[in-house]
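[1] all I have is the shape, not the residue letters:
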């Protein structure tokens, strides 16, 4: 939490991600220039404006002209200067301010009852007149919350073995938001480093109260507790709720058995299998398994030891159930503990929580995710090093930049853009190939001559993301917003007509 | 609003149910004594419910408790006046509890809980007629639709231990926003934004509506109070209204009183001698990790403020810890501001109150968090270990664990207090700062009596 988190509404408020920014050595001014170009040529200002106006662009008599101006933005500038309660009259002002300020990070807050810049005038009356009135339903999933169940990485690192946890989180939550809650306009965004954000933008979602948001977050909550508590996942009852059952059979079980088990070697050492044994309530089953595994160090079969032990565990737990061991769903509890999405509840529950805007560049990523001690180091790691050295040579400003540091903290060079993720194809999403700031600028330079392409971003790999944003999210959303504005306008006209008739 | 006009009109009793909805203030004449007495009787009921909830009583126990409390306190010698007492007391308390956010935050859930328990005791017919009052366009699910979702409805029922819906069971299909607690508990089947609510769960629907109506009414009442009534009634009702609430809720510890000013050098000793377990744990983790997540910073930070730690000392304290992990510069940039904010020196300058036990118990610490109530949130082994570290062992620990198993978390903390200080705590622990100040009182009186004994000894020997 930082000072950003406390001002504003009556509830305490948090902003994601600020806590774990890592210290690193970057020459000053390096990012600022790149960012300037990014905001000048690539950042999709107009699309963000269109999105945030939700159809209130003044073209229809039913539009609310004040709507966009009541939305809070906040800018984090270099040197950690923080500007909250920024608001703008229209697209031009928004773009201008971003280009002038060149923020390292842009956050989006709620739509307030009055223009945030004028809030002080209203705060005095003590009647809560300055208050959020609309806000997307948002979710934040961060891979660091899974540190107790992944052995390949920890902290802000991500690799091929653990990123899939994010993929299945998207699948589970996205399906439920659509099928269970009936939401349609959902945007998933890569948070730039180690997680994903979700923006639910239906009108119904934007108008939810804090209590209703909390209820949805609780509906999604399965994993409770931390290192102090014992049972983190508790699934009892003769059946699972349809939502959990569907998640289990359609996503979680297969992922656990086919992917996570082997890639994380969940049973390969005593320390690791003890963690799982800890989740079992039946003492006799526990000790039987423990006995088996302690003796059987050398595996005689060719099959993966994790798979074998999991099968053994399943058999024992299932037979225990038949003996009337009761309502504990031991197997599901284990699978859910390892794979079920872990949401940050506080982000979703409060309307005034700020969240990073899509298409921001993640500032100063620190260590390259490929260069950790993961067993999944990829050949492209060398390419990255070479690319960086190449850039050092071409840019020239970093002559004094120590090479040793350069090899291991390919930091600002790898500023990932927070691009949208297609939930229907989320397995294909690879965080390591997300366009980075320097890559985009390089692409821009190389394609610079071509003038038949209308938009600069189309010359780069950002083009794909922006086009996806437009076609599968923005356009359907705006269409539905226009319809809403149209129909409520008609109703209003009808009412006033009726009241005129004596 | 209450009015003392001579216009008398008693409310026609509802034929089916005596559960009023408090839609509008009755035009009744009320004697001033009744004004106060009725309100205090109702307050006793609400307080009893509040206590029951904070002890984690289950729904069935709460329903019985509410019934008993109502019967004990809300009687009236004249049978015809019982309903009037109900209504009048509600409206008086509205006046009392509308005036600040904290008061509203307490009153609203208590009244809603009371309504809910009383609703459950009504007959099915009475319930239906009450539902009709709410003007909600409920759609009872048609037979064909029921058939199509029957499997899922059965699955939900089995998952929460409810009896399976029979062929003639009535379900209501409502937008999920209208039953937030059923959604939160995964106690309903939801599909495309609609929740299928069983007739036994209808109380949830009705309670949500009741609450939202009362919430708006409280805001309106507050406006009227502030703008006109308070002035008009400053010699008559205002003093009564003000007395009625402060006598109950107790101190909120936002302004430390009396001796409680502590300095940094005393802190480590104070932690061992007078901090409740929740704060002790946070403190130790802070010392260990040189960091705490947001929930922990709020819970511990506000507690320290309530205990008398001055702002400058607080900043020095947190800085000394955090700079070992994130560096002094980052601390100044990212964390110092929020400490000042907690002390009301930034932003809209609210002086935030330290959290009560009820608030702490109901928090939801997640991965990496250390806040919350250890009696609730710790596993049994971790809790035992923590208690041993505090010097509680043997039979005392068993007594504490027994309370924990019955979900009487505050009683568990009280027993710990008693074991650590070797003296009884009759009022029970409701607030961590209360634990601290009670502890300090005991220790200081011990010091005084020790000093007296020494003096006596000295005198005798001289």
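    Sure thing, it's come through. It should be emphasised that the depicted structure is a prediction, and the values quoted were computed from it without experimental measurement.
[2] and the residue of the stretch 51-200 of chain B found nearest chain A, what does it touch?
    Using CB to the nearest CB, the single residue of the stretch 51-200 of chain B nearest to chain A is residue B:193, 2.9 Å away. Every C-beta, even on glycine, is put in place using the N, C-alpha and C of the backbone. Counting by CB atoms under 8 Å, 6 or more residues apart in numbering or on different chains, residue B:193 makes contact with A:181, A:182, A:183, A:204, B:175, B:176.
[3] remind me which residues of the stretch 201-350 of chain A are low pLDDT?
    A:230-231, A:296-302, A:320-327 (pLDDT under 70).
[4] close to chain B: what parts of it are there?
    Within reach of chain B by CB under 8 Å from any CB of the partner chain, the stretch 201-350 of chain A has these residues: A:204, A:208, A:211-212, A:214-216, A:218-219, A:221, A:223-226, A:228-231, A:237-245, A:342, A:344-346.
[5] can you turn the buried part of these into a ChimeraX selection?
    Those of those that count as buried under 16 or more other CB atoms under 10 Å in any protein chain shown are selected in ChimeraX with:
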select /A:204,208,212,214,215,216,218,219,221,223,224,225,226,228,229,230,237,239,240,241,242,243,244,342,344,345,346
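[6] outline the domain layout of chain A.
    Domain ranges of chain A: A:25-223+A:343-388+A:410-501, A:235-339, per the TED database.
[7] residues in contact with stretch B:65-78?
    Contact partners of stretch B:65-78, identified using CB under 8 Å, 6+ apart, comprise B:41-42, B:44-45, B:48-49, B:52, B:57, B:82, B:84-86, B:89, B:113-114, B:117-118, B:121.
[8] tell me the buried residues within those residues.
    Listed as buried from those are B:41-42, B:45, B:48-49, B:52, B:57, B:84-86, B:89, B:113-114, B:117-118; burial here means 16+ other CB under 10 Å.
[9] pretty sure residue B:419 contacts residue B:394?
    No: under the contact definition of CB atoms under 8 Å, residue B:419 does not touch residue B:394, with a separation of 9.2 Å.
[10] those two - which one has more neighbours?
    residue B:419 (20 against 9; other CB atoms under 10 Å in any protein chain shown).
[11] and the more buried one, how close does it get to residue B:399?
    Shown here: residue B:419 relative to residue B:399, a distance of 8 Å by CB to CB, to the nearest Å.
[12] with residue B:386 instead?
    When residue B:386 is compared with residue B:399 (using CB to CB), they lie 15 Å apart.
[13] for those two, indicate the residue with more neighbours.
    residue B:386 (20 against 17).
[14] host element of the more buried one?
    Residue B:386 belongs to helix B:380-390 when assigned by DSSP states H and E.
[15] so does that helix get close to chain A?
    Yes: for helix B:380-390, a contact with chain A is found by CB under 8 Å from any CB, at B:380, B:381, B:382.
[16] which among those residues count as buried?
    For the residues of helix B:380-390 next to chain A, buried by 16+ other CB under 10 Å: residue B:382.
[17] was I right to think residue A:431 contacts residue A:157?
    No: Residue A:431 is beyond contact range of residue A:157, at 10.8 Å (criterion: CB under 8 Å).
[18] all the strands of chain B, residue numbers only.
    Using DSSP state E, the strands of chain B run over residues B:139-140, B:171-175, B:189-191, B:194-198.
[19] and the last one with strand B:171-175, angle?
    I take that to be strand B:194-198. 150 degrees (axes from the mean of the first three to the mean of the last three CA atoms, to 10 degrees).
[20] can you spell out which helices and strands pack onto strand B:194-198?
    Strand B:194-198 is packed against helix B:143-159, strand B:171-175, helix B:180-184, strand B:189-191, with contacts defined by 3 or more CB pairs under 8 Å, 6 or more residues apart in numbering or on different chains; DSSP states H and E.
[21] next, format those as CSV and append mean neighbour count.
    Shown next, in CSV, are the helices and strands packed on strand B:194-198 (neighbours: other CB atoms under 10 Å in any protein chain shown):
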stretch, mean neighbour count
helix B:143-159, 16
strand B:171-175, 19
helix B:180-184, 21
strand B:189-191, 23
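[22] could those go into CSV alongside mean pLDDT and distance to chain A?
    Output for the helices and strands packed on strand B:194-198, formatted as CSV (pLDDT from 0 to 100; distance: least, CB to the nearest CB, whole Å):
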stretch, mean pLDDT, distance to chain A
helix B:143-159, 92, 4
strand B:171-175, 90, 8
helix B:180-184, 94, 4
strand B:189-191, 97, 4
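[23] tell me which of those approaches residue B:131 most closely.
    Closest to residue B:131 of those, according to CB to CB: strand B:171-175, at 9.2 Å.
[24] just checking, what packs against the closest one?
    Applying 3+ CB pairs under 8 Å, 6+ apart, one finds that strand B:171-175 contacts strand B:139-140, helix B:143-159, strand B:194-198, helix B:202-224.
[25] what's the neighbour count on the residue nearest to residue B:417 when sequence neighbours are not counted?
    By the measure of CB to CB, 6 or more residues apart in numbering or on different chains, the closest residue to residue B:417 outside its immediate chain neighbours is residue B:425, 5.0 Å from it. Counted with other CB under 10 Å, the burial measure for residue B:425 works out to 18 neighbours.
[26] now do whichever strand or helix holds residue A:33: distance to the chain's middle.
    According to DSSP H and E, residue A:33 maps onto helix A:30-37. Taking CA atoms, centre = their mean, to the nearest Å, the mean C-alpha location of helix A:30-37 is offset from the chain mean by 25 Å.
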